[in-house]
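Peer 1: next come a sequence and a model predicted from it.
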Amino acid sequence: MKRVVCSVLFLIILIPGIWILVHKYEGEKPVVDIILPSVYLKKSYEMSLNVMDDKTGLRDIVVSIHQKDKKKILLKRQYETYDITKIFSGAKIKKESFIIPIQAWQYGMSDGEAIIRIVVSDYSWRGWNQGNILNIEKKVIIDSKPPKVNILTKRHNIEKGGTGLIIYKLFEENIKSGVKAGDNFFPGHTGLFENKNIYTAFFALNDVQGPGTKLAVIAEDEAGNITKRGFYHYIRDKKFKTDVLNIPDSFLNRKMPGFDVGEKNGSFPELKNQGKKNPLLEKFLYVNGTVRKNNVEEILKIPENSENQKYWDGRFLRLRGSAKRAGFADRRIYKYKGREIDRATHLGIDLASTANASIKAANSGRVILTKFVGIFGNTVIIDHGFGLCSLYSHLNQISVNNGDIVNRGDDIGLTGMTGLAGGDHLHFSMIVHNVFVNPVEWWDKTWIKNNIISKINYVKEMNN
């Protein structure tokens with residue numbers, strides 16, 4: 001009997017003892033998840049740290065940054081454990097998350113490499129009760145110097161609604177750069193010159209940006225250092241014509257019933273035979289406002305696919321034998337039965353010839369859009385390189401496909417009256433990155449020579 005009792009007591013003591021030894025002597029190191037937004041320590045730099053130990057729980061966390069003989073503690077935590085009477089319950093804290101700001105320029109450290117070190121231990125009895133210890137090191141770079149920019153072109157004359165070109169040199173790799181014109185940003189591109197440090201940026205003023213618009217080259221490195229460099233420029237003002245367009249019932253009856261505006265279609269009363277006062281006029285106002293805005297936004301996203309290659313050469317072609325029916329940036333006032341109903345700005349030039357006239361590519365390039373786009377109707381966009389594109393709208397027929405390489409003068413389609421066109425014509429636009437610009441400049445051989453080609457040749461001669 002005594003032997004049985006002793007055996008039971010032995011087991012009662014042995015089994016928990018074994019469990020305690022196995023549990024407390026566990027050998028798994030803590031788990032650490034680190035998120036560094038960049039290898040470069042920017043001024044607004046924050047490191048994300050998640051630490052976990054599911055077994056014996058967290059004991060210590062120390063995060064520090066080191067550079068040669070300099071050291072800065074960024075985070076230090078020491079966690080308590082339960083007292084001996086609660087030994088079976090484990091540690092108090094098993095998981096923690098931190099957002100740690102790193103302001104290297106305040107720690108007396110210089111530009112160059114540094115190391116972020118994370119040391120985490122748990123409450124295992126391993127290592128003479130020092131616990132399992134995890135050491136992690138991450139290399140980072142301290143960079144406090146803004147990038148250097150050298151502007152190579154001398155004169156930059158531009159007019160409201162017009163295009164400019166600037167060429168500049170950078171002295172570091174992986175720099176985001178371009179021209180800021182007011183609130184618009186035009187990225188710079190390599191590829192026009194053999195020297196990969198020389199960048200080209202077409203930039204533009206929209207139809208409301210005139211004298212007083214701030215222009216500057218912006219360069220930002222991976223550490224977030226920014227250089228803003230002004231350059232000599234002259235901005236000419238320009239007045240745009242105002243046109244009054246009368247909207248007759250014959251136009252509404254011809255264009256509006258079949259005009260697809262997507263999900264909104266079903267909400268227009270003429271589609272439900274509800275007989276409101278003038279449902280076709282209501283639909284026209286929606287098309288001329290909301291649909292126009294959405295279509296313009298869609299079109300202006302396309303040049304993001306522009307290649308760093310100069311496809312074009314010489315002046316751009318105009319529709320042969322055509323007369324101008326509307327100009328760039330015409331301010332349009334729409335009237336119905338003598339009453340003003342809407343306003344819009346015409347961001348292209350309307351050219352009319354004979355019906356179904358052959359449309360030629362204005363210059364060489366790569367076709368990047370062939371589709372029906374709302375008010376623009378059947379539309380083709382050609383990429384001429386470095387963010388410069390030409391647009392052809394209201395086509396009755398498109399004879400090219402996306403990805404086609406076309407030469408100056410190649411057939412791309414026929415004029416028509418698709419979209420919101422009232423009659424057969426070509427709506428022609430030029431686009432710089434995400435801004436419609438005046439096509440007249442690109443039809444002018446002298447303007448192209450003075451403002452584009454002479455700058456390119458000057459920089460090429462400088463770098464030979």
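Peer 2: Thanks, I have the structure now. Numbering: from 1, shown residues only.

Peer 1: any idea how far the spatially most central residue of the chain is from S44?
Peer 2: Nearest to the mean C-alpha position of the chain, counting by Cα atoms, centre = their mean, stands E304 at 8.4 Å. Using Cβ to Cβ, to the nearest Å, one gets 27 Å for the distance from E304 to S44. C-beta: built from backbone N, CA, C; applies to glycine.

Peer 1: quick check: the residue nearest to the centre of the chain is in a helix.
Peer 2: Yes: E304 sits within a helix when classified using DSSP: H, G, I helix; E, B strand; the rest coil.

Peer 1: so who does it touch?
Peer 2: By Cβ atoms under 8 Å, 6 or more residues apart in numbering, the contact list for E304 reads 433-434.

Peer 1: what residues go with each domain of the protein?
Peer 2: Domain assignment for the chain by automatic domain parsing gives 24-142, 149-238, 242-433.

Peer 1: among those, which is nearest N457?
Peer 2: Nearest to N457, of all the domains of the chain, is domain 149-238, at 10.8 Å by Cβ to Cβ.

Peer 1: start to end distance for the closest one?
Peer 2: Using Cα to Cα, to the nearest Å, one end of domain 149-238 lies 31 Å from the other.

Peer 1: need the contact list for Q103.
Peer 2: 43, 45.

Peer 1: and it, how far is that from L347?
Peer 2: 46 Å.

Peer 1: could you dump the domains of the chain into JSON lines with distance to K460 added?
Peer 2: Shown next, in JSON lines, are the domains of the chain (distance: least, Cβ to Cβ, whole Å):
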{"stretch": "domain 24-142", "distance to K460": "34"}
{"stretch": "domain 149-238", "distance to K460": "7"}
{"stretch": "domain 242-433", "distance to K460": "12"}
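
Peer 1: of all those domains, which one is nearest V459?
Peer 2: domain 149-238 (4.9 Å).

Peer 1: any idea of the mean pLDDT in that closest one?
Peer 2: In this model, domain 149-238 has a mean pLDDT of 96.

Peer 1: and for stretch 58-69?
Peer 2: What stretch 58-69 shows for mean pLDDT is 93.

Peer 1: how about stretch 344-364?
Peer 2: 97.

Peer 1: do stretch 368-381 as well
Peer 2: Mean predicted lDDT for stretch 368-381 stands at 98.

Peer 1: gap between the two ends of it?
Peer 2: Stretch 368-381 end-to-end distance (Cα to Cα) = 6 Å.

Peer 1: what of stretch 220-232?
Peer 2: End to end - Cα to Cα - stretch 220-232 spans 21 Å.

Peer 1: so which bits of that stretch are buried?
Peer 2: Buried residues in stretch 220-232, counted by 16 or more other Cβ atoms under 10 Å: 220-225, 227, 229, 231.

Peer 1: do you know how far the nearest residue to H189 once chain neighbours are set aside is from N402?
Peer 2: Computed as Cβ to Cβ, 6 or more residues apart in numbering, the closest residue to H189 that is not its neighbour in sequence is N308, at 4.6 Å. In this view, N308 and N402 are 19 Å apart by Cβ to Cβ.

Peer 1: before we move on, the earlier item: out of the domains of the chain, flag the one nearest N450.
Peer 2: N450 lies closest, by Cβ to Cβ, to one member of these: domain 149-238, at 8.4 Å.

Peer 1: what separates the closest one from the chain centre, distance-wise?
Peer 2: Distance of domain 149-238 from the chain centroid (Cα atoms, centre = their mean, to the nearest Å) equals 17 Å.

Peer 1: and the residue nearest to H189, that's in a strand?
Peer 2: No: counting by three-state DSSP, N308 is not part of a strand but coil.

Peer 1: burial count for F376?
Peer 2: By the measure other Cβ atoms under 10 Å, the count of residues near F376 is 26.

Peer 1: wait, doesn't Q67 sit right on I142?
Peer 2: Yes: in this structure, Q67 is within contact of I142 by Cβ atoms under 8 Å, at 7.3 Å.

Peer 1: who touches both of these two?
Peer 2: By Cβ under 8 Å, 6+ apart, the residues touching both Q67 and I142 are 109-110, 112-114.

Peer 1: so how many other residues sit close to the residue nearest to H189?
Peer 2: Using other Cβ under 10 Å: N308 sits among 12 other residues.

Peer 1: and if you look at G409?
Peer 2: Count around G409 with other Cβ under 10 Å applied: 12.

Peer 1: near the residue nearest to it when sequence neighbours are not counted, how many other residues are there?
Peer 2: Closest residue to G409 apart from its sequence neighbours, by Cβ to Cβ, 6+ apart: K360 at 4.9 Å. When counting by other Cβ under 10 Å, one arrives at 19 neighbours for K360.

Peer 1: contacts only, for K360.
Peer 2: 317, 319-320, 408-412.

Peer 1: ok, those residues vs K196, which is closest?
Peer 2: R408 (28.2 Å).

Peer 1: wait, isn't that closest one in contact with W312?
Peer 2: Yes: between R408 and W312 there is a contact at 7.4 Å, judged by Cβ under 8 Å.

Peer 1: shared neighbours, these two?
Peer 2: With Cβ under 8 Å, 6+ apart, R408 and W312 have common neighbours 363-364.

Peer 1: okay, the two: which has more neighbours?
Peer 2: Each of R408 and W312 has its neighbours counted (other Cβ under 10 Å); W312 has more, 23 against 18.

Peer 1: and what about K460, helix, strand or coil?
Peer 2: Reduced to three states by three-state DSSP, K460 is helix.

Peer 1: what's the answer for N294, then?
Peer 2: helix.

Peer 1: so what's it closest to, chain neighbours aside?
Peer 2: G374 (7.1 Å).

Peer 1: I'd like the distance between that neighbour and V261.
Peer 2: Distance from G374 to V261, by Cβ to Cβ: 8 Å.

Peer 1: before we move on, what about G321?
Peer 2: 35 Å.

Peer 1: again, but for I368
Peer 2: 25 Å.

Peer 1: ok, now F231?
Peer 2: Going from F231 to V261 by Cβ to Cβ gives 44 Å.

Peer 1: before we move on, what about V373?
Peer 2: Distance from V373 to V261, by Cβ to Cβ: 13 Å.

Peer 1: between the two, who's got more neighbours?
Peer 2: Using other Cβ under 10 Å, the more surrounded residue of V373 and V261 is V373, with 20 against 17.

Peer 1: and the closest residue to the more buried one other than its chain neighbours, what element?
Peer 2: Nearest residue to V373, sequence neighbours excluded (Cβ to Cβ, 6+ apart): T379, at 4.8 Å. Remark: T379 resides in strand 377-385, with elements defined by DSSP states H and E.

Peer 1: thanks again, I'm all set now.
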